[in-house]
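K.L.:
Just need the structure, nothing else, for what follows:
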Amino acid sequence: MLAGRNGDPVAVARQLYGDEPVTLALLQRAAVAPASTGDTGWAGALAGQAVLDFVANLPQSAAGRLFARALRVDLAGVGSVAVPGRLDPATGGTMSWVQEGAPIPVRQANLGSTVIGPMSKLGGLVVLTRQVAEAGGEAAFRTLLEEDASVSLDASAFSPEAATDSRPAGLLNGIAPLTATAGGGESAMQADLAKLAGAVFAAGGREVVFVANPAQAFTAALRLQGREVEVLPSVGVAPGTIIAIDPGTVAASVDPTPDFDRSIHALLHMEADDPAAISTPGTPNVSAGNLRSLFQTDSLGVRCILSATWARRSGAVAYMTDVAW
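P.N.:
Reported below is the predicted structural model:
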């Protein structure tokens, strides 16, 4: 007779399979609970009171502000677009003054192309009970999802990660970090910003925008008052990391606002880290654990999807980590 037949499934699994790691991991993975009025750490603060519109106008992400100045690409109706660009920085002297009636020199450009697309998507879901939704929770959690999308977009865009089947490469992919100036203080800050800007201009950049963690962005704003230097703060950038980029080196296609959808009938796998398909055909068929029927539990699911993709057209980007100021 198996111990725990009507009790602990982990005990049963250990008796059948010993300490086999995959089985134990599946049984012990962290499940996600829906937002309920009785959970003070999740949604209890929303119950029995009106919820203020605590963010009337969400601050735009640094990536969103950068993409607004980048080359905008319309991917409607197509999977991808090849964007042409120079393979070498534009330099002076490539065109000549020509005397009247004289032949005009014929030039040959050194061009390449960068493929942007298809669109990728950032997605998130929250589940809350009807009581929480009616107390104003739906609007609050929509705002939280929108904030999460903003931070996740920045963290993905300003990363050195390579492209995968689900996301585009970070803008820092393939770029080696520069060495930060030692010593700290304003002199180190000025030296670091000058080195970063110089690298961008050497790669053919025409302008430079800095992106930094809010701590470094605030320090720079205090020390650069009255100077025309733009530093965008982003919590998606690690503390101590400074990025310099020419917006023109980026091609981007981003939905202007996240797409929200809601359901009271869906069946969901309540898993945050590695959600599975509800059912996977096989021998035997496999069903995901910890399923929840929104209809049966009188709950509401709110889904947020932000569609976006981008590509770097040139090497006019530089960054450094562990700055001392």
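K.L.:
Which phi and psi values does Ser314 adopt?
P.N.:
phi -150, psi -180 (degrees, to the nearest 10).
K.L.:
number of nearby residues for the closest residue in space to it that isn't next to it in sequence?
P.N.:
Of all residues not flanking Ser314 in the chain, Thr249 sits nearest, at 4.7 Å (Cβ to Cβ, 6 or more residues apart in numbering). C-beta coordinates here come from the backbone N, C-alpha and C atoms, glycine included. Thr249 has 23 neighbours, counted by other Cβ atoms under 10 Å.
K.L.:
Report the contact partners of Thr249.
P.N.:
When the contact criterion is Cβ atoms under 8 Å, 6 or more residues apart in numbering, the partners of Thr249 are Ala70, Ala203, Gly205, Arg312, Arg313, Ser314, Gly315, Ala316, Val317.
K.L.:
CSV please, covering the residues you listed and showing pLDDT and neighbour count.
P.N.:
CSV is the format used below for the contacts of Thr249 (pLDDT from 0 to 100; neighbours: other Cβ atoms under 10 Å):
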residue, pLDDT, neighbour count
Ala70, 93, 22
Ala203, 91, 17
Gly205, 92, 24
Arg312, 94, 23
Arg313, 90, 21
Ser314, 88, 20
Gly315, 89, 17
Ala316, 93, 24
Val317, 97, 25
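K.L.:
could you dump those to CSV with secondary structure and distance to Pro281?
P.N.:
Shown next, in CSV, are the contacts of Thr249 (DSSP: H, G, I helix; E, B strand; the rest coil; distance: Cβ to Cβ, whole Å):
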residue, secondary structure, distance to Pro281
Ala70, coil, 43
Ala203, coil, 50
Gly205, coil, 52
Arg312, strand, 40
Arg313, coil, 43
Ser314, coil, 46
Gly315, coil, 46
Ala316, coil, 49
Val317, strand, 45
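K.L.:
Turn those into a markdown table, columns for distance to Gly123.
P.N.:
A markdown table is the format used below for the contacts of Thr249 (distance: Cβ to Cβ, whole Å):
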| residue | distance to Gly123 |
| --- | --- |
| Ala70 | 23 |
| Ala203 | 34 |
| Gly205 | 33 |
| Arg312 | 24 |
| Arg313 | 27 |
| Ser314 | 31 |
| Gly315 | 31 |
| Ala316 | 31 |
| Val317 | 27 |
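K.L.:
Between those residues, which sits nearest Gln296?
P.N.:
Lowest distance from Gln296 to those (Cβ to Cβ) belongs to Ala70, with 46.3 Å.
K.L.:
measure the nearest residue to Thr241 once chain neighbours are set aside to Asp273 for me?
P.N.:
Using Cβ to Cβ, 6+ apart and skipping residues adjacent in sequence, the residue nearest Thr241 is Thr321, 5.0 Å away. Noted for Thr321: a distance of 27 Å to Asp273, by Cβ to Cβ, to the nearest Å.
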